[in-house]
Each structure stands twice: as C-alpha cells, then as structure tokens.
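Novice: Turn this into a structure:
(one chain, ligands or ions: 1)
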Amino acid sequence: MGTKKIEKVLHYINGQFVEGVAGKSFQNINPFNNEPINEVAEGFKEDIDLAVQAAKKAFDEGPWRTMPTDERLRYIVKIADLIEANAEEISYLESLDTGLPISQTKKQAARGAENFRFYAEMVKNRMVGEAYPVDQSFINYTIHKPVGVAGLITPWNAPFMLETWKIAPALATGNTVVLKPAEWSPLTANKLAQIIDEAGLPEGVFNIVHGYGETAGASLVAHPDVQLISFTGETKTGSEIMKNGADTLKRCSMELGGKSPAIVFADSDFEKALDAVVWGIFSFNGERCTANSRLFVEQPIYDQFVEALKERVANITVGDPMDKDTEVGPLIHRKHWENVTNYIKLAREEGAEVISGHIPESYSGGNYVAPTLLLNCHNKMRVAQEEIFGPVMVVIPFESEEEVLRMANDVKYGLAAYVWTSDMKRGHRLGQSIESGMVWINSQNVRDLRIPFGGSKQSGIGREGGHYSFEFYTETQVVHVAIGDHHIPQFGKKKKSEAGAAQHS
Ligand code: NAD
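Specialist: Presented below is the predicted three-dimensional model:
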C-alpha cells in the first residue's frame, strides 16, 4: 500500500462524524520524518458533553442494552469481521501514526478482531450468575447488568489493540461508550469508528472524542453521567484521574506503567532466554508496558549472556516502519524521543556503560533511538527504577535467588515478570514470590485472553481480561426470591390478646 492522503480526523458522536464545537484542530505528526500527516479535530468539554449525552440516551432508551443478547453479539462479531476485512489498512495507519513496524501492527490488527470475537463468545457462554438456595425458603441469584456510559481512555503505544481490548467487553456487555484516544495516535481509532458505523450499531452506542488528556480526557473523567473509567497509561496520569473522578465516585480500572524484571538463571535454556529478553525489550520499539526493561543475569553466565546481547543489539534491523523486515522503528513523538534520550544521558551520568546499536544515516529525520543496553548498573539507579518506555534495557548480574528476588521486588511497579530456569521448583517458588500481576516462566509475554490482565503496586488497580472484565464492565445485582414460608418480624402489629382486650374495654 503506497503513501496515501489521510483525511482530517473528526469526532464520532451519535452516529455522525463531526467537527468540534470550538472548531479547533491539531496536527498529527509522522514519527518517521516528523512531517504532518493530517489534522485532527480537537475536543473539549462541550464535545465530551455531546458524546456523553448521546451515549446516555442510547443506554437509557435502548435498544442496545435491552435487545436479545444474541442480536447484540451479532453486531460484535460483525465488527470483528470488518476489522479482518480492513486489516491491511489498519496496520498501515497504525505504523504511519506510531512508527511501530508493520510486521508487528499486522498482528495488532488481527488481535483487535480477536478481542471482539473473544468477548462475543465470553458474554454468550461465560457471563453467568450464581444461585444461592437457602433451604426450602429462598433462592438468591445474581445477574450481570451493564453499568451505563463507559469512559475509555487509551495510550498511544498499541492504540488499536488496547482500544478494542476495552471497547469489546464494554459493548458486548451492553454498555454504551465514549472513547478518548491518545492524541499522538488518532488514526486507527478513527478507522474503528468507520468500521463500527458500517456495522450499523444504533446511534450513540459508540462515540469518540479526540483531543488532549488535560482537556477532553479530564472532562470525560469528571462527567457525572459517565459511570466508569477504564484507563491505560502512565502511573501519574492514573493517579490524577482517580483524584478527578473522586467527586463523581467513578468506578476505575487502572492499567499503568511497569519496570518488569526478567531473571535468567545459569541453568536456563540460553538461546531461548536470549531470544525472549531481546524480543521483550525491543519489540514495539521498546514502548511496551510489559517490556522486560530490567534484566538480571546469574553471575556464572553473565559475561557470555552480555556478549550475546551485544551481538543481537548490533544486528537488530532499525528501519522504516513500513518495511516488512524492520524490527525497530522510530518512537512515537519527538517529546517522547527526548525523554528516552535524556534517560540514556542520565545512565552515563549514573556510571552505566551504554552499548547502542546502529541507526542508518538516512533516518536522521525520525524519532529513532538505537536499541540500547545499559551495563555496569545496579538496581538503585534511576534508570533501573523509572520507566523509560523505549528500546533500552538495564542489565544487572546476581549471585543468589534471595538477592535477585529482593532486587526484582525493589521497585514501585509490579506489572509483569519473567523467570528463566530449568529448575521448576525454583521457577514456581520465585514466580509466586515476585510482586507483579503476571509472571511468565520460561516464556516471553504470550497472551491468553482468558487470564486476568493487570498490575500490582503502582502498575495498576483491578484486572481486565476473561471473565474478570465482567466484574468491571457490569453491575452484579442480586435478586432474593422467597419460595417458602419464612419468619418476618411483625413491627407495630398488635398481639392477638391485646387486640381482643382493646375491643372489650
Ligand atoms: P499517558 O498517561 O500520558 O496518556 C494516556 C491517555 O491518558 C491519553 O489518551 C491521554 O490523552 C490521557 N490523559 C492524559 N492526562 C489525562 C488527564 N488528566 N485526564 C484524563 N486523561 C488524560 O500515557 P501514554 O504516554 O499515552 O502511554 C504510555 C504509558 O502507558 C506507559 O506508562 C505504559 O507503561 C502504559 N501502558 C500500560 C499498559 C498496561 O496494560 N498496564 C498498557 C499499555 C501502556
């Protein structure tokens, strides 16, 4: 697919693509050359108000939440079909917008469709209640009801996949949605709106307002008619959102940052561990929440492992995101490039040895950061504690299991962890002791959509994925039904003898 002109991105409100109320827009920039791609309508409180109004009306008046579940799920499957039919364009737009290599965005487009198919299946087969019989007198049962207007706020690092990961369960369970996509990556959100429009969902069920976090995002969070906020992004933004949502008592799901450890023991499968940690930090241009950005290697194999890492880093294909052979592309935005390069500068100041790969001269106009290893590090350095969110991995040697567990847990984050060892008792022992929402043993980050996804500590609150999403996107209601005689206290009712005495007096 050659370069094509990209139209202005508009908001999608009540089934229409519309300009913002204020008539403002901002430029969307290509990370490959820092040239403008297109204009994007900029939303503010007034646009959020219109979108929420449309979503509330669609929720209150139906038919989305009241139609037979099978009928609603047919729309969800239709969205999946249309994503698949448009997969090539989606991956092109995603790579253009984010700088992610096209081979990786192809998989993200496929995963977007899978998210919708998965939740159509889950709602049909797994959104079940529980029954609590009480002898012969009661049966109490639970049902899952949609909550109302779901506010979804997403980041730029895997925009299409993360948006669909929230939209699919929110819609399939019968909620209506207002999405505020990341301002640096609006293109595939817009394509998704076109797809949802084509799928023919009732007006107002799905809405998008583009714009900045501090204006459009904050208005969505503060809106009294928005029942819940599902947020993925930085930890400090998550904390800001929780503060701003407190006045309207928002139900929040928080998927936040990480500084995940990979621990490689001397007895592990050397080549597999090497493949996994290199992929884990350098895929997605290093902009992956579950990236193994802290690598701990057991002392006996440390030198050999580091040599192998250096060789890989030197050979990684840094290139044009549209080239199918590119392994690492440019970072999303110049501002983010500055953050990441400042961390590399800081690493030098903190005494690290910096080993970087190569960026071809012809890419100097893009936001490229070469794949980088930080050696000679210890776990207390800022570069080992703070999320860099780029293709930069801190490598630290360790002597013992106790020492590495202490270091792995000595960080404010707790999203993911990876343990490589052939001693499975040790694998389980360590896996269960690491403070993180998810641990992979002898594997890279392989997703199973049924599992609870989320972080502990400052990496998040709550879990989404599988049936865990129902806990967030639905209200669990209990219905108590008396099916036999049971005692009811008789307040204010006169006892028989008293009533008789009163009559005769
Ligand atoms: P960010 O927090 O800067 O922005 C995320 C979204 O929040 C954007 O849409 C932004 O406009 C919006 N936003 C910003 N301020 C807001 C406010 N005050 N009120 C409401 N909305 C606001 O994050 P980012 O830089 O886009 O994404 C990178 C971060 O996301 C990293 O920290 C990464 O680890 C994290 N992340 C986490 C997961 C996970 O599942 N845990 C997945 C992907 C990314």
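
Novice: What are the boundaries of the helices in the stretch 401-505 of the chain?
Specialist: Using DSSP state H, counting those that start in this stretch, the helices of the stretch 401-505 of the chain run over 401-409, 424-433, 468-473, 496-504.

Novice: got the contact list for the third one?
Specialist: By C-beta atoms under 8 Å, 6 or more residues apart in numbering, the list of residues contacting helix 468-473 from outside reads 119, 122, 126-127, 144, 146-147, 150, 169-170, 173, 175, 228, 230, 251, 253, 452-454, 462-464. Bear in mind the C-beta positions are built from the backbone N, C-alpha and C, glycine included.

Novice: for it, which positions count as buried?
Specialist: Residues of helix 468-473 classed as buried: 468-470, 472-473 (neighbour count, 16 or more other C-beta atoms under 10 Å).

Novice: so Glu114 sits in a helix?
Specialist: Yes: checked against DSSP: H, G, I helix; E, B strand; the rest coil, Glu114 lies within a helix.

Novice: Just give the nearest non-adjacent residue to it, would you?
Specialist: Nearest-residue entry for Glu114: Leu449, 7.1 Å, with adjacent residues in sequence omitted and distances by C-beta to C-beta, 6 or more residues apart in numbering.

Novice: Wait, the one you found touches Pro169, no?
Specialist: No: the pair Leu449 / Pro169 is not scored as a contact, 10.4 Å apart, by C-beta atoms under 8 Å.

Novice: of these two, who's got more company?
Specialist: Set side by side, Leu449 and Pro169 give different neighbour counts by other C-beta atoms under 10 Å, the larger being at Pro169 (30 against 18).

Novice: returning to what we had before: would you convert the helices of the stretch 401-505 of the chain into CSV that also reports distance to the ligand and mean pLDDT?
Specialist: CSV is the format used below for those (distance: least, C-beta to the nearest ligand atom, whole Å; pLDDT from 0 to 100):
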stretch, distance to the ligand, mean pLDDT
helix 401-409, 18, 98
helix 424-433, 19, 98
helix 468-473, 13, 97
helix 496-504, 64, 64
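
Novice: Could you identify which of the ones you listed is most buried?
Specialist: Scoring the helices of the stretch 401-505 of the chain by mean neighbour count under mean count of other C-beta atoms under 10 Å gives helix 468-473 as the most buried, with a mean of 22.

Novice: Give me the secondary structure label for Ala17.
Specialist: No Ala there; residue 17 is Phe. Going by three-state DSSP, the secondary structure assigned to Phe17 is strand.

Novice: Could you report the neighbour count for it?
Specialist: Burial of Phe17 is recorded as 17 neighbouring residues (other C-beta under 10 Å).

Novice: same check, this time on Tyr368
Specialist: Residue crowding around Tyr368 was assessed by other C-beta under 10 Å; the count is 21.

Novice: which of the contacts of helix 468-473 count as buried?
Specialist: Among the contacts of helix 468-473, those that count as buried by neighbour count (16+ other C-beta under 10 Å) are 119, 122, 127, 144, 146-147, 150, 169-170, 173, 175, 228, 230, 251, 253, 453-454, 462-464.

Novice: Would you map out the domains in the protein?
Specialist: Following automatic domain parsing, one gets these domains for the chain: 11-128+145-256, 261-441.

Novice: what does the stretch 51-200 of the chain have sitting close to the ligand?
Specialist: Within the stretch 51-200 of the chain, the positions adjacent to the ligand are 153-157, 162, 180, 182-183 by C-beta under 6 Å from any ligand atom.

Novice: Need the residues that contact stretch 290-300.
Specialist: Residues from elsewhere that reach stretch 290-300 (C-beta under 8 Å, 6+ apart): 258-266, 276-277, 280-281, 284, 286, 305-306, 379, 384, 387-389, 392-399, 404, 407-408, 411, 415-416, 418, 438, 445.

Novice: Which of the residues you listed fall within helices?
Specialist: Counting by DSSP state H, the contacts of stretch 290-300 place 276-277, 280-281, 305-306, 384, 404, 407-408 in helices.

Novice: neighbour-wise, which of these leads?
Specialist: Of the ones in helices among the contacts of stretch 290-300, Ile281 is surrounded by the most neighbours, 28 neighbours in total, counting by other C-beta under 10 Å.

Novice: That residue touches Val395, doesn't it?
Specialist: No: counting by C-beta under 8 Å, no contact exists between Ile281 and Val395, whose distance comes to 10.1 Å.

Novice: ok, now which ones touch His11?
Specialist: Listed by C-beta under 8 Å, 6+ apart, the contact set of His11 reads 17-20, 41, 43, 47, 51, 207-210.

Novice: Show me which of these are buried.
Specialist: Burial by neighbour count, 16+ other C-beta under 10 Å: within the contacts of His11 this picks out 17-18, 20, 41, 43, 47, 51, 207-210.

Novice: Can you add pLDDT and give the residues you listed back as JSON lines?
Specialist: Written out in JSON lines, the entries for these read as follows (pLDDT from 0 to 100):
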{"residue": "Phe17", "pLDDT": "98"}
{"residue": "Val18", "pLDDT": "98"}
{"residue": "Gly20", "pLDDT": "98"}
{"residue": "Ala41", "pLDDT": "98"}
{"residue": "Gly43", "pLDDT": "98"}
{"residue": "Asp47", "pLDDT": "98"}
{"residue": "Ala51", "pLDDT": "99"}
{"residue": "Asn207", "pLDDT": "99"}
{"residue": "Ile208", "pLDDT": "98"}
{"residue": "Val209", "pLDDT": "99"}
{"residue": "His210", "pLDDT": "98"}
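
Novice: of all those residues, which comes closest to the ligand?
Specialist: Comparing the buried ones among the contacts of His11 against the ligand with C-beta to the nearest ligand atom picks out His210 as the nearest, at 9.6 Å.
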